[in-house]
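# here you go, sequence then predicted model.
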Amino acid sequence: MEGRKSFLLRMSPDLWRELEAWAQQELRSVNGQIEYLLRQAVQHRKRAGHPPAAEAPDSGAGEAE
């Protein structure tokens, strides 16, 4: 099994507070809550019939919102 990947994530203080409160309600750390939400999003995408990310064409990843 591969090790866990670490990376820096920047977000607004308002979003951090929202995630922190949500994580506390669900008895998770903020990191655990973010990982849970990302897993849900990936599963939703798979069920919607989208190809796995590795096979998807380059969609401009890395662009600012």
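That came in fine, so what should we check first?
# now the chain, which segments are flagged as low pLDDT?
1, 55-65 (pLDDT under 70).
# scan it for its longest helix.
Assignment by DSSP state H gives helix 30-47 as the longest helix of the chain.
# buried ones in it?
33-34 (16 or more other Cβ atoms under 10 Å). For the C-beta atoms, the positions are set from N, CA and C on the backbone; glycine is no exception.
# same question for stretch 20-31.
23, 28.
# where does that stretch sit relative to the chain's centre, distance-wise?
Stretch 20-31 sits 14 Å away from the centroid of its parent chain (Cα atoms, centre = their mean, to the nearest Å).
# one more: stretch 24-36?
11 Å.
# just stretch 10-26 next, same as before
13 Å.
# and the contacts of it?
29-30, 32-34, 36 (Cβ atoms under 8 Å, 6 or more residues apart in numbering).
# which of those residues sits closest to residue 53?
residue 34 (17.3 Å; Cβ to Cβ).
# spatially nearest residue to that closest one (excluding sequence neighbours)?
Distances taken as Cβ to Cβ, 6 or more residues apart in numbering put residue 19 closest to residue 34, at 6.6 Å, once the chain neighbours are dropped.
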